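> Quick one, structure for this:
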Amino acid sequence: MAVKGNRLDVRKTSASTPTLNASTSASSIARVSSQGSLGTSQREIDVATKWDQDAYGEDVLGEDNLLDDNKHKRSAAYDIEAKRSALGISLGARKRRGGKRICWTFVLPTFVCICLLSVGILIGYNISSGVKQVTPYMDAMASEEYGTRFLVVGDWGRQGMHNQADVAMQMGLVGEVLRPQFVVSTGDNFYPSGLKSANDSLFLESFTDVYSGPSLQVDWYSILGNHDYGDASALGDTATRPSFQTTDQTRGKDSRWICCGGREFRKQSTDLVDMFFIDTTPFVEKYYETAWANVEGGLVDEKAKRGEQISNFNADLVKSQARWKIVFGHHPVRSNGSHGDTKELVELLSGTLRGNGVDMYINGHDHILQDIPDKENPSLHYITSGAGSKIRLGLGACCNDKDFYAAKAGFIAVALSDTRARIQFWHYDATLAHETVLIK
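Residues are numbered from 1 along each chain as shown. Model (predicted):
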């Protein structure tokens, strides 16, 4: 339909529909409209006329019509009926269509407003209910009273495989909430048998490229495990050098790496804690029967230093006045894992740990997470964090009474205040599996 001056043209593309305009004769209109009734009431004429005026913004009768009122009304009736018949639209249909337009004009905005209001209520509920509605990591949050915060992971270096990358991601996410000041590695840093050269690509592939989360860009205090000494080397392979992991050798690759505890350094401290590091591999006698014990800078070379290492450790421990005392080593003193207790360390360390107020001995080696309170001194806990990648099923329920045991990849998160030590055991699937709280 188009408006041209004072002429109204109504056209339909169907071949069966005639073309009407304002100059069509009365008889033609009568013929066209014979399909419908001409008995249109004055109210219908007025309503239809008003509808056309609203729809097209023009008076469909035209401003030039000089007919008197009766002729004008009859002409309007004929014209309207002709248009209705030609377009196949009844007045009732127009009324219904107009009703739908009014209905949607009211209902649709109302429906949208209700939906938006519902969404707003849900969002407000989630906000008011706490961030736990959004993330499980808020359990890692530590208030300002926890002045020392750190993560511990062990037995991890597998180029991201065997859940290492998953554990690293969770460490980064927990770290975003906990805000750790450093990370401790409990050894077996590079599988299968340590670093073979100063430029061994494993350092980047298993450490730098994997632990890339922003919250993990802190100091890593690392100790050596038996694999870092060459355990699992192929027959005749003596290329492993523990010294390739030292800070001097790695400084140009990644400044976070600080190694090796018990060899290059013995102690690290904060305002709340003294941390002592022991290089435990040289104390395990069975290793000296292996070929890899003879690598340069390896077990044989370190054996003569064992006495000095323990003497220094005992002296440092006696002098410590720290609120908390934590000892780190690769091998466990007590463990329900597949390796079990390390008999050399039970004899060497148990009495010293109890007698000098040590709160935790934290180790790796067994590929599990666990917490075992000391039988004679329950305030001393033997904690294993050796599940940084590939796990190994252990005995679990055997040998030592335990507070927690899990053969599932993960790490621990520690937060220390003046009166509390909170140790959380996190799995690689974002599960907070267990929490131990020690109180002074």
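
> Which parts of the stretch 101-250 of the chain are helices?
Counting by DSSP state H, counting those that start in this stretch, the segments of the stretch 101-250 of the chain that form helices are 164-178, 202-203, 247-250.

> strands paired with the helix or strand following the last one, and their directions?
Same thing as helix 247-250. The helix or strand immediately downstream of helix 247-250 is strand 257-259, counting by DSSP states H and E. Partner strands for strand 257-259, per DSSP bridges, with pairing direction: strand 219-222 (parallel).

> Output the partner strand as CSV, restricted to C-alpha atoms.
Once side chains and other backbone atoms are set aside, the C-alpha atoms of strand 219-222 remain, and they are given as CSV (Å, rounded to 0.1, in the frame of the first residue of the first chain):
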residue,chain,number,x,y,z
ASP,A,219,60.7,-18.5,46.0
TRP,A,220,60.8,-22.3,45.7
TYR,A,221,62.9,-23.9,48.5
SER,A,222,63.8,-27.3,47.2
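
> tell me the mean pLDDT for it?
On average, the pLDDT along strand 219-222 is 98.

> Stretch 279-289 too?
97.

> What residues of that stretch count as buried?
Neighbour-count burial for stretch 279-289, with 16 or more other C-beta atoms under 10 Å as criterion, is recorded at 279-284, 287. Every C-beta, even on glycine, is put in place using the N, C-alpha and C of the backbone.

> And for stretch 323-338?
323-337.

> Which strand or helix spans Asp341?
When elements are defined using DSSP H and E, Asp341 is found to belong to no helix and no strand.

> could you measure the residue nearest to it when sequence neighbours are not counted against Leu349, distance?
The shortest distance from Asp341 to any non-neighbouring residue, by C-beta to C-beta, 6 or more residues apart in numbering, is to Arg334 (5.4 Å). Here the criterion is C-beta to C-beta, to the nearest Å. By it, Arg334 lies 10 Å from Leu349.

> again, but for Leu224
The gap separating Leu224 from Leu349 is 17 Å, by C-beta to C-beta.

> ok, these two, which is more surrounded?
Leu224 (29 against 22; other C-beta atoms under 10 Å).

> the strands in the stretch 201-350 of the chain, which residues?
Taking DSSP state E, counting those that start in this stretch as the test, the strands found in the stretch 201-350 of the chain are 219-222, 257-259, 267-269, 273-277, 324-328.

> and the last one, which strands flank it?
In the sheet containing strand 324-328, the strands it pairs with under DSSP bridges are strand 273-277 (parallel), strand 360-363 (parallel).

> Identify the residues contacting the shortest one?
In this case it means strand 360-363. For strand 360-363, the surrounding residues in contact (C-beta atoms under 8 Å, 6 or more residues apart in numbering) are 152, 154, 184, 186, 280, 326-333, 335, 349, 353, 380-386, 412, 421, 423, 438.

> Let's see that with 7 Å instead.
Here strand 360-363 makes contact (C-beta atoms under 7 Å, 6 or more residues apart in numbering) with 152, 186, 326-333, 353, 381-385.

> Could you list the low-confidence segments of the stretch 51-200 of the chain?
51-134 (pLDDT under 70).

> Distance check, Ser143 against Arg420.
10 Å.

> quick one, which of the two is more surrounded?
Arg420 (15 against 7).

> and that one, what are its bridge partners?
Ile439.

> Wait, it touches Ile439, no?
Yes: in terms of C-beta atoms under 7 Å, Arg420 counts as a neighbour of Ile439; the distance is 5.8 Å.

> List the contacts of the residue nearest to Gly357 when sequence neighbours are not counted.
Nearest in space to Gly357, with sequence neighbours left out and distances taken as C-beta to C-beta, 6+ apart, is Lys325 at 5.9 Å. Taking C-beta under 7 Å, 6+ apart as the contact definition, Lys325 lies against 274, 357-359.

> Reformat the residues you listed as a markdown table; add pLDDT, neighbour count and secondary structure.
Shown next, in a markdown table, are those (pLDDT from 0 to 100; neighbours: other C-beta atoms under 10 Å; DSSP: H, G, I helix; E, B strand; the rest coil):
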| residue | pLDDT | neighbour count | secondary structure |
| --- | --- | --- | --- |
| Asp274 | 98 | 20 | strand |
| Gly357 | 96 | 15 | coil |
| Val358 | 98 | 23 | coil |
| Asp359 | 98 | 20 | coil |
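
> Return the member of those residues nearest to Gln170.
Distance to Gln170 across the contacts of Lys325 (C-beta to C-beta) is lowest for Asp359, with 25.2 Å.

> just checking, the closest one touches Ile326?
Yes: look at Asp359 against Ile326 with C-beta under 7 Å: they come within range, at 6.3 Å.

> Touching both of the two, which residues are there?
The contact lists of Asp359 and Ile326 share no entry, where a contact means C-beta under 7 Å, 6+ apart.

> Wasn't Gly388 part of a helix?
No: secondary structure assignment places Gly388 outside any helix; it is coil (DSSP: H, G, I helix; E, B strand; the rest coil).

> The chain should start at 41 in everything you say after this.
With 41 as the first residue, the last one maps to Gly428.

> how much space between the nearest residue to it once chain neighbours are set aside and Lys345?
Spatial nearest neighbour of Gly428, excluding adjacent residues (C-beta to C-beta, 6+ apart): Trp196 at 2.9 Å. Applying C-beta to C-beta, the value for Trp196 to Lys345 is 26 Å.
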